[in-house]
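>>> Got a predicted structure here, sequence first:
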Amino acid sequence: AAAAAAATSVQITLASPPGAEELLLDPGAGASLCFDYINNGSCTRLRTGGACKYRHLSRTHPDVIADRIRQGKLNPAAAAQLLAQAQAGGGGGGGGGG
């Protein structure tokens with residue numbers, strides 16, 4: 001409960017470290033993904049003081065990988081490799097190309 005309370009008080013600004021968006025509470029699987037964050041490692045809406053209703057998940061999160069497969073941007077073999085890396089603790093956060 002304390003971690004959830006801390007997560008709700010996170011304020012993201014231009015000075016926040018990369019990946020700080022992942023500290024926000026996940027609005028759940030019913031919400032869409034923040035493609036700005038997934039593709040660029042940063043959410044412009046949050047960093048400019050706005051609100052973002054979308055999910056800020058790492059590029060190795062299973063929901064992000066499933067979305068990339070649906071869009072034809074990732075094949076199942078590469079997806080399995082990313083999931084294995086994430087489970088082994090080697091999955092990176094946002095950033096990079098896609």
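Nice, I can see it.
>>> what's near enough to touch the closest residue to residue 31 other than its chain neighbours?
Excluding its sequence neighbours, the residue lying closest to residue 31 (CB to CB, 6 or more residues apart in numbering) is residue 55, at 5.2 Å. For every residue, glycine as well, the C-beta is placed using N, CA and C. Residues near residue 55 by CB atoms under 8 Å, 6 or more residues apart in numbering: 26, 27, 28, 31, 32, 33, 34, 63.
>>> hang on, isn't residue 12 packed against residue 18?
No: the criterion here is CB atoms under 8 Å, and residue 12 misses it with residue 18 at 10.9 Å.
>>> Give the residue spans of the protein that score low on pLDDT.
Within the chain, the stretches with pLDDT under 70 are 1-11, 90-98.
>>> What separation is there between the most centrally placed residue in the chain and residue 15?
Nearest to the mean C-alpha position of the chain, by CA atoms, centre = their mean, lies residue 57 at 1.8 Å. Taking CB to CB, to the nearest Å as the measure, residue 57 falls 22 Å from residue 15.
>>> ok, now residue 41?
For residue 41, the distance to residue 15 - CB to CB - is 15 Å.
>>> Compare the two and say which one has the larger neighbour count.
Set residue 41 next to residue 15 and count neighbours by other CB atoms under 10 Å: residue 41 wins out with 17 against 7.
>>> That one contacts residue 16, doesn't it?
No: with contact defined as CB under 8 Å, residue 41 does not count as touching residue 16 (11.6 Å).
>>> Pull out the buried residues from the helix ranked longest in the chain.
Assignment by DSSP state H gives helix 76-87 as the longest helix of the chain. Buried positions in helix 76-87, judged by neighbour count with 16 or more other CB atoms under 10 Å: 79, 82, 83, 86.
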